[in-house]
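Student: coords please:
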Amino acid sequence: MDDSQLSELPLFAGLSRRQLAKILPHTRVVEIGSGDHLVREGDFAYEFFVIKRGRAAVIAGGKHVADLGPGDFLGEIGLVREGGRTASVIAMGPVQVLVIDADGFRRMSRSMPTVAAQINAAIEERLTRDRLFGLRRG
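Tutor: Numbering: from 1, shown residues only. Here you go, the predicted model:
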């Protein structure tokens with residue numbers, strides 16, 4: 001993966017080459033098979049994911065709460081709260097994800113306010129969705 005591929009993802013589209021270069025060493029691309037878990041509810045969070053290709057289902061408290069596709073990201077709540085995963089995410093076919101390790105995620109969140117704002121907005125939206133579905137999250 002290079003910085004031009006990284007900038008194709010909506011979360012990173014507005015970043016400079018210098019900013020992208022800071023994120024790149026903390027990333028890797030992973031292929032996930034159909035039906036495989038990207039993350040499991042309750043597991044400790046140590047990575048952040050951005051879906052490059054494919055679709056995944058979000059299951060929380062045994063309920064289907066959302067579908068994710070290219071450009072969507074996940075794993076931020078557990079990293080920000082330094083706790084367990086709030087939902088399971090299961091591939092609905094082959095999925096390719098960009099994985100960012102916890103250290104890279106924290107550096108990105110601190111030094112890139114635009115990205116941090118998008119991530120924080122997603123956290124609020126997802127926690128609101130969880131409340132609407134009657135799910136309790138730490």
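
Student: report how many residues lie close to the closest residue in space to Ile51 that isn't next to it in sequence.
Tutor: Closest residue to Ile51 apart from its sequence neighbours, by CB to CB, 6 or more residues apart in numbering: Asp72 at 5.1 Å. From N, CA and C alone the C-beta is placed, and that goes for glycine too. The number of residues packed near Asp72 is 20, by other CB atoms under 10 Å.

Student: with the one 4 residues further on instead?
Tutor: Residues contacting Glu76 under the criterion other CB under 10 Å number 21.

Student: now do the contacts for it.
Tutor: Taking CB atoms under 8 Å, 6 or more residues apart in numbering as the contact definition, Glu76 lies against 48, 105, 119, 122-123.

Student: one more time with 10 Å
Tutor: Residues in contact with Glu76 (CB atoms under 10 Å, 6 or more residues apart in numbering) are 45, 48-49, 86, 105, 109, 116, 118-120, 122-123, 126.
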